[in-house]
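Enquirer: here is my input, please return the structure:
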Amino acid sequence: NGQVPPPPPPVIAAAPLTTQFFLQAGSFRRRDDADSLRAQIILLGQNVRVETGKVREETWHRVLVGPFANREQLAGAQKTLAASGFGNLLLQQRQVR
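Expert: This next block holds a predicted model:
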């Protein structure tokens with residue numbers, strides 16, 4: 001009869017898990033302190049944000065630099081930050097889809 005069957009519906013696959021790397025430049029009880037550090041790091045050209053969370057019923061504000069897709073990007077950022085006096089950086093890895 002010459003009719004073309006409709007195409008099958010697209011298969012939506014789950015996105016693979018990827019690891020993102022962050023550097024924690026500081027953790028503060030006062031949001032103002034976290035925002036101040038964030039501003040300093042922005043001036044270095046880094047992607048940085050403040051993330052708020054609770055630890056043992058206390059609110060903490062973490063200053064996170066990143067995300068970085070791989071360890072090479074991460075190492076470059078660590079060098080830049082260390083050269084500006086930010087030495088005690090905590091590495092955080094997160095799984096994201």
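Enquirer: CA atoms for contacts and neighbours, from now on please.
Expert: Noted.
Enquirer: pairing partners for E58 in the sheet, please.
Expert: Using DSSP bridges, the bridge partners assigned to E58 are V55.
Enquirer: and it, how many neighbours?
Expert: A total of 8 residues lie near E58 under the criterion other CA atoms under 10 Å.
Enquirer: what of T59?
Expert: Neighbourhood size, T59 [other CA under 10 Å]: 14.
Enquirer: also the one 4 residues further on?
Expert: By other CA under 10 Å, 26 other residues sit near V63.
Enquirer: show me what contacts it?
Expert: Contact analysis of V63 by CA atoms under 8 Å, 6 or more residues apart in numbering lists 24-27, 34-35, 37-38, 48-51.
Enquirer: I'd like to know which of these is nearest to Q92.
Expert: Nearest to Q92, judged by CA to CA, of the contacts of V63 is Q24 at 7.0 Å.
Enquirer: please enumerate the strands of the protein.
Expert: 18-28, 48-55, 58-68, 90-96 (DSSP state E).
Enquirer: contacts for the shortest one, please.
Expert: Read that as strand 90-96. The contact list for strand 90-96 (CA under 8 Å, 6+ apart) reads 17-25.
Enquirer: try 6 Å
Expert: 17-24 (CA atoms under 6 Å, 6 or more residues apart in numbering).
Enquirer: and the angle from that strand to strand 18-28?
Expert: Angular relation of strand 90-96 and strand 18-28 on a 0 to 180 degree scale: 140 degrees, by axes from the mean of the first three to the mean of the last three CA atoms, to 10 degrees.
Enquirer: flag every buried residue along strand 90-96.
Expert: By 16 or more other CA atoms under 10 Å, strand 90-96 has no buried positions at all.
Enquirer: how about the spatially most central residue of the chain, what does it touch?
Expert: Centre of the chain computed as the mean C-alpha position; nearest residue by CA atoms, centre = their mean is P67, 3.3 Å away. By CA under 6 Å, 6+ apart, the residues touching P67 are 20-22.
Enquirer: from the residues you listed, which single one is nearest H61?
Expert: Closest to H61, out of all of these and judged by CA to CA, is F22, at 14.8 Å.
Enquirer: for that closest one, which residues make a bridge with it?
Expert: Here F22 sits in beta bridges with Q92, going by DSSP bridges.
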